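Asker: next come a sequence and a model predicted from it.
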There are 2 protein chains.
Amino acid sequence: MPTVDDVFTAVANRHRRRLLDLLLDEPQSVNALAVRFDMRRPSVSEHLKVLKDAGLVREERHGRERIYHVDAQRLRPVAEWLSPYEVFWRDSLRDLRDHLDRNP
Amino acid sequence: MPTVDDVFTAVANRHRRRLLDLLLDEPQSVNALAVRFDMRRPSVSEHLKVLKDAGLVREERHGRERIYHVDAQRLRPVAEWLSPYEVFWRDSLRDLRDHLDRNP
DNA sequence: GTGATACGTAGGAATAATCCTACGCATTAT
DNA sequence: ATAATGCGTAGGATTATTCCTACGTATCAC
């Protein structure tokens, strides 16, 4: 079972954040991902494993391809850890509530 | 100049997250922090250095003590990176409002 | 079938992270 | 002045991370 720590560790790496961003845009295969990086395919596979072990992506087998999908539920604790710090860049929480009311 | 990557790296460590949490609660000295951890003071100093280099804390000298303060502006890019993923756990905007009410 | 493709993993090198003890430098207390 | 306190840093051991090439296995194309 992945811990909150596993998730923080997973997203600490910029390549892995970019992998998540690419997969959020569209689920895709390892090769399709790998060509976007200045890194060999096996290294991309390893990063995907870290993300998978953290519960941030899932793989779906299609023939010999494995299509990876984002499953970012596990990012929630990160967002929650962050929330008390939001006062540092928001004038007030009220502003946010107002914003949400204005943009339903 | 600290990069976004420095910030992600800094908060990837659970001790450093706890340091931030303690400092958010109240600015305090290295010794005051160190007694709360199962770690020697020099190690706490080193973690504080990582946080300082990432721009997440500042020190203020008072005699021979150094009082550390949170300065979490630099966490903003983390929150922003996270925001496209919030759809994964936010069933409705109402959930977020509830969350904010619970974390005033 | 044979050969090519997609992928993960093993093994290893290079580097980074994390902790420690020992020590040095300021500042405060006596 | 002398001793004690608060803190950072040096040096080093241990472990983790990150990358590579080489290789094995499954699937597809022919």
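Answerer: All right, it came through fine.
Asker: who in chain A is up against DNA strand D?
Answerer: Within chain A, the positions lying close to DNA strand D (Cβ under 7 Å from any atom of the strand) are A:9, A:12-13, A:15, A:39-40, A:42-43, A:46-47, A:50, A:62-64. Just so you know, the C-beta spots here come from the backbone N, C-alpha and C atoms, and that holds for glycine as well.
Asker: most neighbours among these, please name it.
Answerer: residue A:47 (21 neighbours; other Cβ atoms under 10 Å in any protein chain shown).
Asker: now it: how far from residue A:33?
Answerer: 9 Å (Cβ to Cβ, to the nearest Å).
Asker: shared neighbours of those two, anything?
Answerer: residue A:19 (Cβ atoms under 8 Å, 6 or more residues apart in numbering or on different chains).
Asker: closest one of the residues of chain A next to DNA strand D to residue B:57?
Answerer: residue A:12 (18.1 Å; Cβ to Cβ).
Asker: which residues sit in contact with the closest one?
Answerer: B:8, B:9, B:11, B:12.
Asker: so can I have TSV of those residues showing secondary structure, pLDDT and distance to DNA strand C?
Answerer: Formatted as TSV, these follow (DSSP: H, G, I helix; E, B strand; the rest coil; pLDDT from 0 to 100; distance: Cβ to the nearest atom of the strand, whole Å):
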residue	secondary structure	pLDDT	distance to DNA strand C
B:8	helix	98	10
B:9	helix	98	5
B:11	helix	98	10
B:12	coil	98	7
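Asker: fine by me, thanks again.
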